[in-house]
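**Student:** model this:
(one chain, ligands or ions: 2)
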Amino acid sequence: MQSIEIIYPDDWHCHLRDGAALSTTVPDIATQFRRAIVMPNLVPAVTTVEMASDYCQRIMEEVPSHNPFTPLMVLYLTDETPVQTIQAAKKSGIIFGCKLYPAGVTTHSHAGVTSLEKCHAVFEAMAELGLPLLIHGEVNDPAVDIFDRERVFIESHLLHLVERYPTLKIVLEHITTQDAVEFVTQAPANVAATITPHHLLLNRNDMLVGGIKPHHFCLPILKRKLHQQALLQAATSGNPKFFLGTDSAPHAQSKKEAACGCAGIYSAYSAIELYATAFEQANALDKLENFASRFGPAFYGLPINTDKITLTKSTWVMPNDLPFGEEKLIPFLAGETLTWKAIR
Ligand code: DOR
Ligand code: ZN
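**Tutor:** Residues are numbered from 1 along each chain as shown. Ligands and ions are numbered 1, 2, ... in the order given. Modelled structure (predicted):
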């Protein structure tokens, strides 16, 4: 196939950061997507409707003129989030989900939830209002191996959560294991998952063989090849529970290439081309439009986009770096040749 046309896609999970970073991240995401679910793990975290509204405005200031991009804001849940905040979030019209970070599990998650029990009233309210719960599905138990943290979260928390709140919409974000694929496939229709381009294109060998590659380090961490294959299978299966979420998560070069490097891969510069590469490898380009442009809005109860993009077979080289405030940002697959290019 030399070219395909698809409905303009959306990103159901990304990190745009704040301040000077927005002048890089927002134009990139707004070129790639019509809408994006914007993660709230700023410092301080986006815990109120007012903070989400202010953040939304700062994002909108960086959207290029005549670009119809809409940020879909998300609230960061803490042990103390009041039910009134959930009601206000729903009413605001700018907030489309609440994010559950088990405390300490990833970047800027220290203000997250220490016990799901503390959120009982909040989950009930979200179920009633139809506000989706977006979950970073890993445990933060030092006794649990980092490669097992997603599986253990599913077994010890998620199974119970899904049973207890049968009408709560749940997105298990950035899934990385066959266990997660099986769990979501078997769960009721109110449970879905996002899949990143890097978990489709890489496995842990890509990060660790021949030298450690800090720009391939993310959380949940890359897993074995069999898990990568399970994700590819899920993404290309045509099952509407699996849809696009880049988890594009920029960190300055100096924070990645460090003795204690940050987790996060910046894919927003070229996300749809990366997904096209993965889908082509699975011989499933015909499944890309549903995954990228239909299943996400269907789950969130939003209309699909009305315009289209064309992806064509043509080679180009990913930039070595991008500006990032005073620093540099190394995009995913920097300096490598890609074989798909989007025409918009
Ligand atoms: O790799 C990651 N980066 N995973 C996360 O869960 C958070 C994200 C970030 O914000 O940097
Ligand atoms: Zn994320």
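**Student:** what's residue 51 in contact with, if anything?
**Tutor:** With contact taken as Cβ atoms under 8 Å, 6 or more residues apart in numbering, residue 51 is in contact with residue 44. For every residue, glycine as well, the C-beta is placed using N, CA and C.
**Student:** how about the helices in the protein?
**Tutor:** Taking DSSP state H as the criterion, the chain carries its helices at 22-32, 49-60, 83-92, 120-129, 149-153, 159-164, 178-186, 197-201, 204-208, 225-235, 253-256, 271-281, 288-289, 295-300.
**Student:** helices or strands next to the third one in the packing?
**Tutor:** Going back to what we said before, that points to helix 83-92. For helix 83-92, the packing partners by 3 or more Cβ pairs under 8 Å, 6 or more residues apart in numbering; DSSP states H and E come out as helix 49-60, strand 70-76, strand 95-100, helix 120-129.
**Student:** Return the residues of the stretch 101-250 of the chain in contact with ligand 1.
**Tutor:** 106-107, 136, 218-219, 249 (Cβ under 6 Å from any ligand atom).
**Student:** Highest neighbour count among these?
**Tutor:** Neighbour counts for those (other Cβ atoms under 10 Å) peak at residue 249, which has 27 neighbours.
**Student:** If I follow the layout properly, that residue ends up in contact with residue 264?
**Tutor:** Yes - using Cβ atoms under 8 Å, residue 249 is in contact with residue 264, at 3.1 Å.
**Student:** anything in contact with each of the two?
**Tutor:** Residues within reach of residue 249 and of residue 264 at once, by Cβ under 8 Å, 6+ apart, are 15, 107, 218.
**Student:** Pull the contacting residues for the first one.
**Tutor:** To tie it back to what came earlier, the one meant is residue 15. 25, 38-39, 41, 247-250, 264.
**Student:** can we see that at 6 Å?
**Tutor:** 39, 249 (Cβ atoms under 6 Å, 6 or more residues apart in numbering).
**Student:** What is the burial count for residue 204?
**Tutor:** Neighbour count of residue 204, defined by other Cβ under 10 Å: 17.
**Student:** In contact with it, which residues?
**Tutor:** Remark: with contacts taken as Cβ under 6 Å, 6+ apart, residue 204 is in contact with residue 222.
**Student:** Kindly provide the distance from it to residue 234.
**Tutor:** Per Cβ to Cβ, to the nearest Å, residue 204 is found 18 Å from residue 234.
**Student:** cool, residue 52 as well?
**Tutor:** Distance, residue 52 to residue 234, using Cβ to Cβ: 31 Å.
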